[in-house]
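Participant: I would like the atomic coordinates for the input below:
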Amino acid sequence: MSREIETTRFGRVEIDEETIIRFPDGLLGFGQVQEYVIIDHPGPMGVQWLQALDVPELAFVVIDPLLFKSDYLVQLHAQEMERIGLDDLAKGKVMVILVVPKDPRKITANLQGPLVLNPEKRLGMQVVLPHDRYTTKHLVFGEDGDMERRAHGNA
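Facilitator: Take a look at the predicted model:
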């Protein structure tokens, strides 16, 4: 079953109700907004948008962190996995929110607060990792601007 949503970035978008992801606790700072859909972004890098269903102007640029940080690791407590019905983290999908300034070479990723999705149950949560191994402003591109080389450990 499909429905249309209104967005400020994409206008009216038709979505399949089966693609709606529910965040029972919302995202940090947006606890009341619980339903989102992922919209592909045209172009390189595997960038996508996490668009709120009921707030047209609320959308986050997201990406799989392994595309630029091959050693990125998220560990969850059993109760966190249970919250989104995930019995094995390998069945989940991890994404991080990007901040895209005017100079795209200075794009940063929030590796401290990843999004963990259970695609099967269409549930998600944002977690705050308890250690200081990662930052909220991880530079995606190296000084040479080469994300691919960094992702494969050749930087």
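Participant: hang on, isn't R22 packed against E35?
Facilitator: Yes: in this structure R22 lies within contact range of E35 using Cβ atoms under 8 Å: 5.6 Å. Glycine gets a C-beta too; all of them are placed from N, C-alpha and C.
Participant: in the chain, which spans are strands?
Facilitator: Assigned by DSSP state E, the chain shows strands spanning 2-7, 11-16, 21-22, 35-40, 48-52, 59-63, 93-99, 108-109, 115-118, 123-126, 138-139.
Participant: Pull the longest one out as PDB, backbone CA atoms only.
Facilitator: As requested, the backbone C-alpha atoms of strand 93-99 are provided in PDB (Å, rounded to 0.1, in the frame of the first residue of the first chain):
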ATOM      1  CA  LYS A  93      21.800  -2.000   9.400                       C
ATOM      2  CA  VAL A  94      23.900   0.800  10.800                       C
ATOM      3  CA  MET A  95      23.800   4.300   9.400                       C
ATOM      4  CA  VAL A  96      25.300   7.600  10.600                       C
ATOM      5  CA  ILE A  97      24.000  11.200  10.100                       C
ATOM      6  CA  LEU A  98      26.100  13.500   8.000                       C
ATOM      7  CA  VAL A  99      26.500  17.300   8.400                       C
END
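Participant: and the angle for that strand with strand 59-63?
Facilitator: Per axes from the mean of the first three to the mean of the last three Cα atoms, to 10 degrees, the angle that strand 93-99 makes with strand 59-63 is 120 degrees.
Participant: Name the residues of strand 93-99 that are buried.
Facilitator: Using 16 or more other Cβ atoms under 10 Å as the test for burial, strand 93-99 gives 94-98.
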